[in-house]
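In: need a 3D model of the following:
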Amino acid sequence: MKSNPLVDLSKSFAIDIFINLLTYPSRSMFYFGYVLVKMVPLCFAGLATLLYFRTGLFNLSTEGVFYISGVVATWFAINPNIMTGNEIIDTTICLLAAGVSGALIALIPGFLKAKLNADEMVISLMLNSILFGIGYYIVINYLAISGITGTASADFIDTARLTKLIPKTQVHTGLIIMFVAVAAVYILLFNTKLGYSIRMTGLNKSFAKYSGMSAFGLFMTVHVLAGFIGGLGSGVELMGLYKKFSWSQLPGLGFTGALMASIGKNHPIGVLIAAFGISYLRAGAQLLANSNPYIDISMISIVEVILTLLISSQYFLRKWRGKQMLKEEQKNG
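Out: I've put the predicted structure just below:
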């Protein structure tokens, strides 16, 4: 039986594309640096989201926090009256401003959940849109260069930006900050009393109450920490990779953070590995799309959305299964 030349050609083409997808980012240091740069915001989003998941919360507000914290960091980074001219001080000011603003914003869904038992997923999705609208208004009316139409801010002052870490690449010192954040979250979760409370409350909602710890205090603390990490990640991304604030839409890190946390099994090291894997996949697809007109970069986004839906469904199925088991026990009892 003769083989079809067109089928053989398509198989060969598909295999070549798959091999290139896996090997392209490792062909040069510049390409690999692109992977490292892109994994930084993914890792920060995953770290913020895993704190929510560890506490049994399905909160996706990291996306809105990322955007509005970037706007706050930008206000500092373009203001010469605040910047000192010292790189360490100026970058620290911008990063702390982003982190603190993220922590304060995250208190909103935390308070509504703790006090009113509001659905945190619905609140966080609504908050993302609100934060985008507020941030976009601020950028256009207060941060953009007067007399020039557009949605970009003025240029960041040079001393506010993070320095390059690896020559001839885009890799900046934010990569080091990312590793420090991973280590900090690991120590928090597995070497502190607060981390133990977070982990146990995620397994049993009544744990905080019976252990004598205020559930309200725990929820608020988790939201502050997650918001700070998300805001810090925004500052790192902007000060490390951009010359001005130019985000005209939400960065899409809400569901991506959930994907990182879920793939990483809500473990800081797992999130780091997941961020690297997704970043490698994205970088390979982008490089392939740049070199091959037949490759559509949006296919990777479709794969990521499917992964997010499949993994996130485990949360809802687990919650539904828990309610069913409780009903069965009450019925049998």
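In: quick one: low-confidence parts of this structure?
Out: Counting by pLDDT under 70, the ranges of the chain that qualify are 1-18, 20-22, 24, 147-150, 202-213, 290-305, 307-333.
In: the most centrally placed residue in the chain: what's it in contact with?
Out: In the chain, the residue lying closest to the centroid (Cα atoms, centre = their mean) is residue 45, at 1.9 Å. By Cβ atoms under 8 Å, 6 or more residues apart in numbering, residue 45 lies in contact with 62, 63, 66, 230, 233, 253, 254, 256, 257, 260. C-betas here are computed from N, CA, C, even on glycine.
In: Provide the secondary structure category for the second one.
Out: Three states are possible here, and by DSSP: H, G, I helix; E, B strand; the rest coil the one that applies to residue 63 is helix.
In: any idea how far it is from residue 94?
Out: Per Cβ to Cβ, to the nearest Å, residue 63 is found 20 Å from residue 94.
In: those two: who's more crowded?
Out: residue 94 (30 against 26; other Cβ atoms under 10 Å).
In: how much space between the nearest residue to residue 170 once chain neighbours are set aside and residue 89?
Out: The shortest distance from residue 170 to any non-neighbouring residue, by Cβ to Cβ, 6 or more residues apart in numbering, is to residue 37 (4.8 Å). Distance from residue 37 to residue 89, counting by Cβ to Cβ: 24 Å.
In: cool, and residue 288?
Out: Here the criterion is Cβ to Cβ. By it, residue 288 lies 42 Å from residue 89.
In: ok, those two, which is more surrounded?
Out: Neighbours were counted for residue 288 and for residue 89 using other Cβ under 10 Å; residue 288 has more, 19 against 13.
In: which helix or strand contains that one?
Out: In this structure, residue 288 is located in helix 268-291 according to DSSP states H and E.
In: shouldn't residue 173 be in contact with residue 241?
Out: No - proximity of residue 173 to residue 241 does not meet the contact threshold set by Cβ atoms under 8 Å, at 11.6 Å.
In: what's residue 236 in contact with, if anything?
Out: 40, 41, 44, 95, 162, 174, 177, 178.
In: surely the last one touches residue 46?
Out: Same thing as residue 178. No - assessed by Cβ under 8 Å, residue 178 is found out of contact with residue 46, at 10.5 Å.
In: between the two, who's got more neighbours?
Out: When residue 178 and residue 46 are compared on other Cβ under 10 Å, the one with more neighbours turns out to be residue 46, at 34 against 24.
In: skipping its backbone neighbours, what lies nearest the more buried one in space?
Out: residue 260 (2.8 Å).
In: from residue 245, how far out is that neighbour?
Out: Taken as Cβ to Cβ, the span from residue 260 to residue 245 is 24 Å.
In: give me the more crowded residue out of these two.
Out: Counted by other Cβ under 10 Å, residue 260 and residue 245 do not tie: residue 260 has more neighbours, with 30 against 26.
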